[in-house]
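> Structure for the following, please:
(chains A, B, C and D)
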Protein chains: 2
Amino acid sequence: MTNIKDLAKMAGVSVTTVSRVLNHHPYVSEEKKNAVLAAIKASNYQQNINAVHLSKGKTQLIGVVLPYSDHPYFSKLLKGIAQQALEQNYHLVLFQTDYKECRELGALRMLKQKQIDSLIICSRSSDWSTIEEYLPYGSIVLCEDVKDRQVSSTYVNHYKIFYNALEYLYKKGHQRIGYVIARKSGTNSQYREKAYRDFHTKYQLSYQPDYIIDECLYFEDGEKAINRLKKMKTPPTALLVTSDQVAAGIVVSCQTHGISIPNQLSIIGFDNQPIAKMMNITTIEIPLLEMGRSLFLQAVQSDLTNKELSSRLIERDTVSYKEKNK
Amino acid sequence: MTNIKDLAKMAGVSVTTVSRVLNHHPYVSEEKKNAVLAAIKASNYQQNINAVHLSKGKTQLIGVVLPYSDHPYFSKLLKGIAQQALEQNYHLVLFQTDYKECRELGALRMLKQKQIDSLIICSRSSDWSTIEEYLPYGSIVLCEDVKDRQVSSTYVNHYKIFYNALEYLYKKGHQRIGYVIARKSGTNSQYREKAYRDFHTKYQLSYQPDYIIDECLYFEDGEKAINRLKKMKTPPTALLVTSDQVAAGIVVSCQTHGISIPNQLSIIGFDNQPIAKMMNITTIEIPLLEMGRSLFLQAVQSDLTNKELSSRLIERDTVSYKEKNK
DNA sequence: TTGTATGCGTTATCAT
DNA sequence: ATGATAACGCATACAA
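Below is the predicted model of the structure:
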């Protein structure tokens, strides 16, 4: 494997000059430049990037932490991150955590080892204190409202979105509203739960803990959600489903179980994935691609920023107007 | 940032000794070992992994090339790869190519630069000649039948699978069979097309090019496929759908269009994803997790192996027995 | 415009 | 069992 020393010898110049043409630096004569270029061609030279990394102290590698890479929400987010990474000439190292904290710690450790320049945590498992411990080693960017903490972040306002969606359903006459979610813990889930509580307080509705259906991630979990509903004496008349895939699964499952949508059950999905369009599911669009791109940019920029992205309701066919029973 | 030199000074030993305890080498006295360990604790030391990489000429990084990371087929394959990587203490660098050859070349180049130790190509875009050109720089493993070429691979026999599935449908009385696929090019697709042709020849059926429906990748593409079918004068009575998600999309789309499954249209999906189980779709199980794990192992092993994995038909409710019209 | 010398942090070789 | 030193391949401050 030939290195710049060899090239220098071949071209009859110094290693510095070789390095200069390699990095497109100015102040090198055409003549010598060509000699170097010729040597590169002749030797089939390839830079050893690890040496560059060691020398520069940077790797052009950004870590991405996410629980499930095969979940459409995270896939789309990742896609946005990857798009921007490509543009900025960075590469991505993937950390699929399954929400296991030790895996997230592994990513943090790589940051400390300088194998990655920064870390994007799409959904956090570890405590704030651990995150802060690793902050000195590179920028860490998050996908949640971080309040006044000293990290960059891009997120949507889950509280507001949830609250608005609940009010929307209320105005459509729904009084018994449940929601379907992936996990109950996590910052975003807690914002949603708070919105759910506040909504019930404001409209003096009775808060039903079993209307919160968790551990629903994929299409096939729609079946699971419906089974939970069927066990209830007075099931909700509307469901906020924090994933379009699960919403679609619910719609299909309802057909099997003879539940009419939206008459017997109204559904609002999340994300506005293509599946929601195909199945005419009312949904709340979350700008996942834009979010991904923003997260990446924050990862490579040195200044701290916090960006709240907006979302919007897309009305389709899965929400009914319900006569209020007095 | 403290380095081993500092540690050596602190512990009153040489850098070599420090390196020894860092790498759990033998021949170091308990006393000095403890001194080093103490220094490590005191200084919050962290190895600079890039220096290790440069010194060792290896990075413990494996590249993974795939067209779409948000597609369930590749997600699941990736999951298998990631599982094994975790076990062997490797990390993964993701190359999402969208089947753009230049992106695949980028991955190949990283192999040459020694930023990654080997490369797993889940679905290939570039020519064999280009692959071979990069073979000297690290092992490249593929997910297709590579014949006698000097690379490792794990794959399923797409020819046999397709042929068997076609015969299965034929025995159920189907004479007009179509198939739905992601792309027509690619080694695996070509095997399938060959099986499709051979099947038609053997049973003296007329080969209908428009029964091959391509560019269907996601659930929502099921709608697209059905629209193509509706334009035909004599549409197929059965469909081999090379993705369970698309198969599910077709099933849902058929309900909307009033097409009865399996009476008017039989469906066989591929992969045996959870969605197929939920919707009772007859499918062909492909051991994607196992495939991923095998691919990874081949990537880190030095010897060349080629492994064919088996698949099996899972009979559910989307294939009808059709009376043959004489 | 060019080259020399040094540093990056670690591992490996070869003494002792 | 321990340590000095070379090597890994490249970038860069500084000198010329």
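> measure the closest residue to A:Ile81 other than its chain neighbours to A:Ile275 for me?
Among residues not flanking A:Ile81 along the chain, A:Gly292 sits closest, at 4.1 Å (CB to CB, 6 or more residues apart in numbering or on different chains). Where C-beta positions appear, they are placed from N, C-alpha and C, glycine not excepted. Using CB to CB, to the nearest Å, A:Gly292 is found at 19 Å from A:Ile275.
> With A:Glu31 instead?
Distance of A:Glu31 to A:Ile275, given as CB to CB: 61 Å.
> Those two - which one has more neighbours?
A direct count of neighbours by other CB atoms under 10 Å in any protein chain shown for A:Glu31 and A:Ile275 places A:Ile275 higher, at 28 against 9.
> measure that one to A:Leu240 for me?
Using CB to CB, we find A:Ile275 at a distance of 17 Å from A:Leu240.
> Spatially nearest residue to the residue in the stretch 201-326 of chain A positioned nearest to DNA strand C, not counting backbone neighbours?
In the stretch 201-326 of chain A, the residue that lies nearest DNA strand C is A:Ser302 (19.5 Å; CB to the nearest atom of the strand). Distances taken as CB to CB, 6+ apart put A:Ser139 closest to A:Ser302, at 7.3 Å, once the chain neighbours are dropped.
> which stretches of chain A have low pLDDT?
Scanning chain A with the threshold set as pLDDT under 70 gives A:324-326.
> and it, which residues reach DNA strand D?
By the rule CB under 7 Å from any atom of the strand, the part of chain A lying against DNA strand D is A:1, A:3-5, A:15-16, A:19-20, A:22-23, A:47-48, A:51-52, A:54-56.
> So which of those sit within helices?
Judged by DSSP state H, the subset of the residues of chain A next to DNA strand D located in helices is A:Ile4, A:Lys5, A:Val15, A:Thr16, A:Ser19, A:Arg20, A:Leu22, A:Ala51, A:Val52, A:Leu54, A:Ser55, A:Lys56.
> if we can go back for a sec, give the burial count for the residue nearest to A:Ser302, as a bare number.
There are 20 residues near A:Ser139, going by other CB under 10 Å.
> and the stretch 151-300 of chain A, which residues reach chain B?
Residues of the stretch 151-300 of chain A lying near chain B by CB under 8 Å from any CB of the partner chain: A:218-220, A:222-223, A:248-249, A:252-253, A:255, A:274-275, A:277-279.
> Would you point out the most distant pair within those residues?
Using CB to CB, those span at most 21.9 Å, a distance reached by A:Glu223 and A:Lys277.
> Have a look at these two and say which one is more surrounded.
A:Glu223 (22 against 15).
> How many residues are close by the spatially closest residue to A:Thr97 that is not a sequence neighbour?
Nearest non-adjacent residue to A:Thr97, counting by CB to CB, 6+ apart: A:Arg103, 4.0 Å away. For A:Arg103, the neighbour count with other CB under 10 Å is 18.
> surely A:Arg103 meets A:Leu94?
No. Using CB atoms under 8 Å, A:Arg103 is not in contact with A:Leu94, being 10.8 Å away.
> where do the strands sit along chain A?
A:61-66, A:91-96, A:118-121, A:140-142, A:152-156, A:177-180, A:212-213, A:238-241, A:266-271, A:283-285, A:306-309, A:312-314 (DSSP state E).
> is it possible to export the ones you listed to TSV including mean neighbour count?
Below are the strands of chain A laid out as TSV (neighbours: other CB atoms under 10 Å in any protein chain shown):
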stretch	mean neighbour count
strand A:61-66	24
strand A:91-96	22
strand A:118-121	25
strand A:140-142	25
strand A:152-156	23
strand A:177-180	24
strand A:212-213	19
strand A:238-241	28
strand A:266-271	27
strand A:283-285	23
strand A:306-309	14
strand A:312-314	14
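> As TSV, those with distance to B:Glu285 would be great.
Compiled in TSV, those are given as follows (distance: least, CB to CB, whole Å):
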stretch	distance to B:Glu285
strand A:61-66	27
strand A:91-96	23
strand A:118-121	35
strand A:140-142	39
strand A:152-156	38
strand A:177-180	29
strand A:212-213	29
strand A:238-241	29
strand A:266-271	29
strand A:283-285	32
strand A:306-309	40
strand A:312-314	36
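> Now do the closest residue to A:Tyr179 other than its chain neighbours against DNA strand D, distance only.
Using CB to CB, 6+ apart and skipping the chain neighbours, the partner closest in space to A:Tyr179 is A:Leu240 (4.0 Å). According to CB to the nearest atom of the strand, to the nearest Å, A:Leu240 and DNA strand D sit 52 Å apart.
> Identify the bridge partners of A:Leu240.
Beta-bridge pairing for A:Leu240 (DSSP bridges): A:Tyr179, A:Ile268.
> That one reaches A:Tyr168, doesn't it?
No. Using CB under 8 Å, A:Leu240 is not in contact with A:Tyr168, being 9.7 Å away.
> Between those two, which contacts overlap?
Common contacts of A:Leu240 and A:Tyr168 (CB atoms under 8 Å, 6 or more residues apart in numbering or on different chains): A:Ile268.
> Around the nearest residue to A:Gly80 once chain neighbours are set aside, how many other residues sit close by?
Leaving aside its chain neighbours, A:Gly80 sits nearest to A:Gly292 (2.1 Å; criterion: CB to CB, 6+ apart). Applying other CB under 10 Å, we find 26 residues neighbouring A:Gly292.
> I'd assumed A:Lys76 was in contact with A:Gly292.
Yes. Using CB under 8 Å, A:Gly292 is in contact with A:Lys76, at 7.4 Å.
> Show me which residues of chain A sit near DNA strand C.
For chain A, the residues in contact with DNA strand C (CB under 7 Å from any atom of the strand) are A:12-17, A:20, A:26-29, A:31-33, A:51, A:54-55, A:57.
> Show the buried residues in the residues you listed.
The neighbour count (16 or more other CB atoms under 10 Å in any protein chain shown) marks A:Val13, A:Thr17, A:Arg20, A:Val28, A:Lys32, A:Lys33, A:Ala51, A:Leu54 as buried among these.
> nearest spatial neighbour of the first one, skipping sequence neighbours?
In this case it means A:Val13. Computed as CB to CB, 6+ apart, the closest residue to A:Val13 that is not its neighbour in sequence is A:Lys32, at 5.2 Å.
> Surely that neighbour is in contact with A:Ser14?
No. With contact defined as CB under 8 Å, A:Lys32 does not reach A:Ser14; the gap is 9.5 Å.
> ok, A:Ile250 to chain B distance?
Going from A:Ile250 to chain B by CB to the nearest CB, to the nearest Å gives 11 Å.
> no no, A:Asn3
Per CB to the nearest CB, A:Asn3 is found 12 Å from chain B.
> got the contact list for that residue?
Counting by CB under 8 Å, 6+ apart, A:Asn3 touches A:Tyr45, A:Asn48.
> count of neighbours near the closest residue to A:Glu308 other than its chain neighbours?
Distance criterion CB to CB, 6+ apart; nearest residue to A:Glu308, sequence neighbours excluded, is A:Asn157 at 5.8 Å. Residues near A:Asn157, counting by other CB under 10 Å, number 17.
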